[in-house]
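**Q** output the structure for:
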Amino acid sequence: MNPIRVAPFRFDRSWEFPMSPQEFWDTVSHTDQFPLWWGWLRSFESGGLTAGATTRFSVQGALPSGLDFVVTVDRVVEPELVETSVTGHLEGPAKLELSPDGDGCRARLSWLLEPRDTVVRRLAIVSHPLLAWSHDQVVNMGVNQFRRRLARSADRDRKL
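**A** Next comes the predicted model:
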């Protein structure tokens with residue numbers, strides 16, 4: 001019997017930030033700080049942003065059920081690129097690309113993740129748009145929280 005094909009979750013968005021790629025990198029590479037920035041992380045253990053490192057975490061989004069992940073860093077080009085492999089409730093490749101953009105930088109986050117967990121697969125069959133909406137809410141919240149973190153770091157640096 002062939003399993004029912006479930007549409008993957010595709011994500012490819014970019015944001016501009018008022019800092020160089022190196023300044024952005026210097027903040028985002030402090031993975032030990034992620035639980036302080038993002039309250040939707042229910043558990044978090046990170047090996048950092050180095051090739052071969054793994055990060056295990058659980059996410060609680062807008063829907064009542066959480067998702068568990070293991071992200072393995074496959075390739076790093078500081079301060080330009082992090083390529084990863086995601087396993088867990090969803091699986092597939094993901095990457096963060098940083099590039100100069102005027103006086104700041106552009107951060108592009110993309111992934112193609114397929115549901116692997118039985119419950120998530122069943123939910124995706126009947127409510128893919130709702131799950132995609134929940135996902136987008138978590139990402140938007142994360143970007144806004146990261147922007148606030150960057151602004152606080154910049155304020156602190158100016159005061160020094």
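**Q** alpha carbons only for contacts and neighbour counts from here, please
**A** OK.
**Q** packing partners for the longest helix along the chain?
**A** In the chain, with assignment by DSSP state H, the single longest helix is helix 118-159. Applying 3 or more C-alpha pairs under 8 Å, 6 or more residues apart in numbering; DSSP states H and E, one finds that helix 118-159 contacts helix 34-37.
**Q** rewinding a little: any idea of the mean pLDDT for the longest helix of the chain?
**A** Confidence over helix 118-159 (mean pLDDT, whole number) is 78.
**Q** distance from that helix to the middle of the chain?
**A** 8 Å (C-alpha atoms, centre = their mean, to the nearest Å).
**Q** likewise for stretch 74-81?
**A** 15 Å.
**Q** end to end on it, go ahead and measure it.
**A** Using C-alpha to C-alpha, to the nearest Å, one end of stretch 74-81 lies 11 Å from the other.
**Q** how about it: buried residues?
**A** Asp74, Arg75, Val76, Glu78, Pro79, Glu80, Leu81 (16 or more other C-alpha atoms under 10 Å).
**Q** alpha carbons of stretch 94-108, as CSV, please.
**A** C-alpha atoms of stretch 94-108 as CSV (Å, rounded to 0.1, in the frame of the first residue of the first chain):
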residue,chain,number,x,y,z
ALA,A,94,16.9,24.3,5.5
LYS,A,95,19.3,27.2,5.2
LEU,A,96,20.1,30.8,6.2
GLU,A,97,21.8,33.1,3.8
LEU,A,98,23.2,36.5,4.7
SER,A,99,24.2,39.1,2.1
PRO,A,100,25.1,42.8,2.1
ASP,A,101,22.2,45.1,1.3
GLY,A,102,23.0,48.8,1.1
ASP,A,103,24.0,49.9,4.6
GLY,A,104,22.6,46.7,6.2
CYS,A,105,22.1,43.0,5.3
ARG,A,106,19.5,40.7,3.8
ALA,A,107,18.7,37.5,5.6
ARG,A,108,17.1,34.8,3.5
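**Q** run through this protein and note the low-pLDDT ranges.
**A** 1-4, 61-64, 154-160 (pLDDT under 70).
**Q** at 90 instead, please
**A** 1-10, 36-41, 59-67, 115-160 (pLDDT under 90).
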